[in-house]
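Peer 1: Okay, predicted coordinates and the sequence, questions at the end:
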Amino acid sequence: MMAAAHAASSGHKVLLLEKNEKLGKKIYITGKGRCNLTNACETEDLFRHVLRNQKFLYSAFYHFTNLQAIGFFESHGLATKTERGGRVFPVSGHSSDVIRALQQALQQAGVEVRLHTNVQEVLTGTAKACGGEPHVTGVRLSDGTILHADAVIIATGGCSYCSTGSTGDGYRFARELGHAVTELRPSLVPFETAEPWVKDLQGLSLKNVTVRIRHGSKTIYEDFGEMLFTHFGVSGPLVLSASGRINDYMEQMPLQMEIDLKPALSVEQLDKRILRDFEDNRNRQFKNGVQKLFPSKLIPVIVALSGIDPEKKVNEVTKEERQSFAKLMKAFPLTVIQFRGFQEAVITRGGVSVKEINPSTMESRLVPGLYFSGEVLDLDALTGGFNLQVAWSTGCLAGTSASQKLENPHCFVQNRSGRNGKEYGI
């Protein structure tokens, strides 16, 4: 949608083909239905939150910055607000309003939209103007209809949340046209863990904790924030970010995960805190003497893991047991055995190799007139609005570049003899 709106801004005839029954199905579910549409950080900080191929995005991010993205949406009637961590949301809290703003932009730009339309193939031909190389000539639909165009932008998304239409079509188009596609993996995705007791913690959210993940003796991830227990393992912002950071270890399971439940306190400080609580509950059983330390759902699990008899009076707990308990609170253990699949992944890691894309235009280096934008490219970022900013920036650059190229009659196929059916610029 962003690519189409900018492609049509110079008056070119632009057609947007959507396989679903409506536009923006994936936007609709982002940010738990609120749509974290970008991040209000300094533009330079955007690169720090991109996990792969940051340099490739230099032109895109500066061509259409995060502040410009906010301005774009506000100019189309979307009031925004900035929350913790620079996350930008619609004031209404409804992702449907983001879609509505994009639809308004399409309408104002005169973009033709066709729903329930499935593209089967991107077509190419040759022309002297292109040095005899293959050049985009249009697309073939699944019903056999051929639509002619001088440029095609592939903005089909990845493989994540395939129920929204992201079924990997763009990767197939790219391969058929000679492009390399790097290994595809789910990213920003929950973890499955080996411990059976995680089911007892389902729904428990832990805030202000530190998560560490180790491969052998090497710490491969550590960060502070919020996480969530599920029936299969763990999820939440910390875990999703971890999955992006440690994706290269996906084939090297199991990994050891530790949760520091009290990161503001050292083991010694924590031991003193436990001792004070025990003093206040001298005649209570151990299982009832730690209620101020943890959410109620966590108490039976951490008491069992401590190895201390839950019926034991707190004044009978030894110093060694107490100190061991403090260490457990600083390194609550889990075993990561698997990433969840694409159906639960926020994004896809991997995609069309950026080595074969011109970063200044988003045009293919192999097939003139072919452009790529968004998640179909080998680009992925952390949570916080950064992946949508990648989509807005690359979409805007692809649309603008295609539009500008059509201004030059020597840059696209001119011999249209024998063509039947509608002609489109993009």
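Peer 2: On my side now, so go ahead.

Peer 1: When you work out contacts or count neighbours from here on, use the C-alpha atoms and nothing else.
Peer 2: OK.

Peer 1: Go ahead and confirm Asn387 touches Asp380.
Peer 2: Yes. Between Asn387 and Asp380 there is a contact at 6.5 Å, judged by Cα atoms under 8 Å.

Peer 1: Where does pLDDT dip in this protein?
Peer 2: By pLDDT under 70, the low-scoring segments of the chain are 127-132, 409-422.

Peer 1: In the stretch 1-150 of the chain, mark out all the helices, start to finish.
Peer 2: Ranges of helices in the stretch 1-150 of the chain, per DSSP state H, counting those that start in this stretch, are 2-7, 25-29, 43-48, 58-63, 66-75, 95-109.

Peer 1: before we move on, what about the stretch 251-400 of the chain?
Peer 2: Remark: helices assigned in the stretch 251-400 of the chain by DSSP H, counting those that start in this stretch are 267-280, 299-306, 319-330, 386-405.

Peer 1: if you compare those, which one is most tucked away?
Peer 2: Counting by mean count of other Cα atoms under 10 Å, helix 386-405 has the highest mean neighbour count of these, with a mean of 25.

Peer 1: Remind me what the helix or strand that that helix is followed by packs against, helices and strands.
Peer 2: Where DSSP states H and E defines the elements, the next helix or strand beyond helix 386-405 is strand 423-424. Here strand 423-424 touches strand 146-149, going by 3 or more Cα pairs under 8 Å, 6 or more residues apart in numbering; DSSP states H and E.

Peer 1: ok, the helix or strand that the strand it packs on is followed by: who's next to it in the sheet?
Peer 2: With elements assigned by DSSP H and E, the helix or strand that comes after strand 146-149 is strand 152-154. As defined by DSSP bridges, the strand partners of strand 152-154 come to strand 370-372 (parallel).

Peer 1: which other residues reach the partner strand?
Peer 2: Residues from elsewhere that reach strand 370-372 (Cα atoms under 8 Å, 6 or more residues apart in numbering): 135-136, 151-155, 357, 362-364, 394-395, 398, 402.

Peer 1: Can you list the buried residues in that strand?
Peer 2: Neighbour counts over strand 370-372 (16 or more other Cα atoms under 10 Å) mark Leu370, Tyr371, Phe372 as buried.

Peer 1: Same question for stretch 102-110.
Peer 2: In terms of neighbour count (16+ other Cα under 10 Å), stretch 102-110 has its buried residues at Leu102, Gln103, Gln104, Ala105, Leu106, Ala109, Gly110.

Peer 1: quick one: the closest residue to Glu363 other than its chain neighbours from Met362, how far?
Peer 2: Spatial nearest neighbour of Glu363, chain neighbours left out: Tyr371 (4.3 Å); criterion: Cα to Cα, 6 or more residues apart in numbering. According to Cα to Cα, to the nearest Å, Tyr371 stands 5 Å off from Met362.

Peer 1: Kindly report the same for Thr82.
Peer 2: Separation of Thr82 from Met362 (Cα to Cα) stands at 30 Å.

Peer 1: more neighbours, the two?
Peer 2: The neighbour comparison of Thr82 against Met362 (other Cα atoms under 10 Å) goes to Met362, with 29 against 15.

Peer 1: Am I right that the more buried one is in contact with Cys396?
Peer 2: No. Using Cα under 8 Å, Met362 is not in contact with Cys396, being 9.7 Å away.

Peer 1: Val113 - how many residues pack around it?
Peer 2: Residues contacting Val113 under the criterion other Cα under 10 Å number 18.

Peer 1: er, Gly216 actually
Peer 2: Neighbours of Gly216 using other Cα under 10 Å come to 10.

Peer 1: Let me see the contact set for it.
Peer 2: Applying Cα under 8 Å, 6+ apart, the residues near Gly216 are Leu255, Gln256.

Peer 1: Nearest residue to the middle of this structure?
Peer 2: In the chain, the residue lying closest to the centroid (Cα atoms, centre = their mean) is Ile347, at 3.9 Å.

Peer 1: For it, list each beta-bridge partner.
Peer 2: Beta-bridge partners, per DSSP bridges, of Ile347: Ser187.

Peer 1: how about it, what does it touch?
Peer 2: Ile347 touches Gly158, Cys159, Ser160, Pro186, Ser187, Leu188, Glu375, Asp380, counting by Cα under 8 Å, 6+ apart.

Peer 1: picking that back up, any idea which of the contacts of strand 370-372 is the one closest to Val290?
Peer 2: Taking Cα to Cα as the measure, Val290 sits nearest to Thr394 out of the contacts of strand 370-372, at 52.1 Å.

Peer 1: Just give the closest residue to the closest one, not the sequence neighbours.
Peer 2: Of all residues not flanking Thr394 in the chain, Ser373 sits nearest, at 5.0 Å (Cα to Cα, 6+ apart).

Peer 1: Can you report how many residues neighbour the one you found?
Peer 2: Ser373: 27 neighbours (other Cα under 10 Å).

Peer 1: Which residues does Gly225 form beta bridges with?
Peer 2: Val209.

Peer 1: actually Val136, not the one I wrote
Peer 2: Beta bridges link Val136 to Thr124, judged by DSSP bridges.

Peer 1: ok, it - how many residues close by?
Peer 2: When neighbours are counted by other Cα under 10 Å, Val136 comes out with 24.

Peer 1: before we move on, what about the one 4 residues further on?
Peer 2: Here the number of neighbours of Arg140 (other Cα under 10 Å) works out to 16.

Peer 1: Please verify my assumption that it contacts Ala149.
Peer 2: No. Arg140 is not in contact with Ala149 according to Cα under 8 Å; the separation is 10.9 Å.

Peer 1: Residue ranges of each domain in the chain, please.
Peer 2: As assigned by automatic domain parsing, the chain contains the domains 2-185+349-424, 190-340.

Peer 1: most tightly surrounded among these?
Peer 2: The highest average neighbour count among these, using mean count of other Cα under 10 Å, belongs to domain 2-185+349-424 at a mean of 19.
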